[in-house]
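# using only what follows, build the 3D model:
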Amino acid sequence: MLSEAEAQQSWEELSRRYNLEWADIHLGQVKLDILQIRDLEDYLVSNIEAQGLSLENFPFWAMVWDAALVLADFLVKQEPQPDRSILELGAGLGFAGLCAGARGHRVTLTDNMPDALAFARLSIHHNKLNNVEAAYLDWTQPTLTGAFDWIIGSDILYEEKTFEPLMNVLARYLKTGGRIYLSQGIRGTGPKAFFDLIKPRYSVRYQEKKLHSGQEQKKILFFELQPKT
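You can find the predicted model right below:
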């Protein structure tokens, strides 16, 4: 966890580039604050207009996607176990992992975007989550050490070029007998292409979750994967 001095320095550095705010989160029995960009839509519009922000460098990490809400809801309903370790892939702001940590789970949030990790580390510090850490993880050149009982991720199945590195990361970091939980919005052919690749290695179960947003109902796929023996 960051020291007070490190947290202050990180806040000042991020504040020079973003308008920051704390979002008050209530999910089941969990309450915590998550650092995010204030008026994100305005920030994105201004950067697209001023800097020609392209899809390649679009800050997807700064958004809390619907699939993360579904994953977080699952995690806060699970009873924490002191010896269970959880690895979150492509955590972004860390919504799901932070909610799990506030519930009492032991979590390592990972991303390959330095700013995403900076936001997550400040949220960890602010909420005093001693059972949560944030670490850099590049799927193509993984250097993180250790293995985990659960691996989780939300909306990480959208680029087919990442599927082979992702499969390698899952195999590298999942403990024997472990489980993988993924949530994914229904869009494009990404999820089907990924599960066509992994079905020789994993048993897959899935549910279709319904998420209500105002008058709109969205469908999110929730997957549980277990390596075949």
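
# name the SS class of the most centrally placed residue in the chain, please.
Nearest to the geometric centre of the chain sits residue 91, at 2.5 Å (CA atoms, centre = their mean). Of the three states, residue 91 takes coil under DSSP: H, G, I helix; E, B strand; the rest coil.

# touching, it and residue 120? I think so.
Yes - in this structure, residue 91 is within contact of residue 120 by CB atoms under 8 Å, at 6.2 Å. C-beta here means a position set from N, CA and C on the backbone, and glycine is covered the same way.

# between these two, which contacts overlap?
97, 109, 111, 134 (CB atoms under 8 Å, 6 or more residues apart in numbering).

# kindly indicate the member of those with the most neighbours.
residue 97 (34 neighbours; other CB atoms under 10 Å).

# neighbours of residue 61, just the number please.
Neighbours of residue 61 (other CB under 10 Å): 19.

# mind listing the helices for this structure?
4-15, 40-51, 66-76, 95-103, 114-126, 163-173, 190-198 (DSSP state H).

# if we can go back for a sec, for the nearest residue to the residue nearest to the centre of the chain once chain neighbours are set aside, what are its contacts?
Distances taken as CB to CB, 6 or more residues apart in numbering place residue 109 nearest to residue 91, at 4.0 Å, with adjacent residues excluded. Residue 109 makes contact with 88, 91, 94, 97-98, 117, 120, 124, 132-135 under the criterion CB under 8 Å, 6+ apart.

# hmm, try it at 6 Å
88, 91, 94, 97, 120, 134 (CB atoms under 6 Å, 6 or more residues apart in numbering).

# would you mind measuring from the fourth one to residue 177?
In this structure, residue 97 and residue 177 are 21 Å apart, going by CB to CB, to the nearest Å.

# try the second one
Residue 91 is 24 Å from residue 177, where distance means CB to CB.

# now do the contacts for residue 89.
Contacts of residue 89 by CB under 6 Å, 6+ apart are 110, 153, 156.
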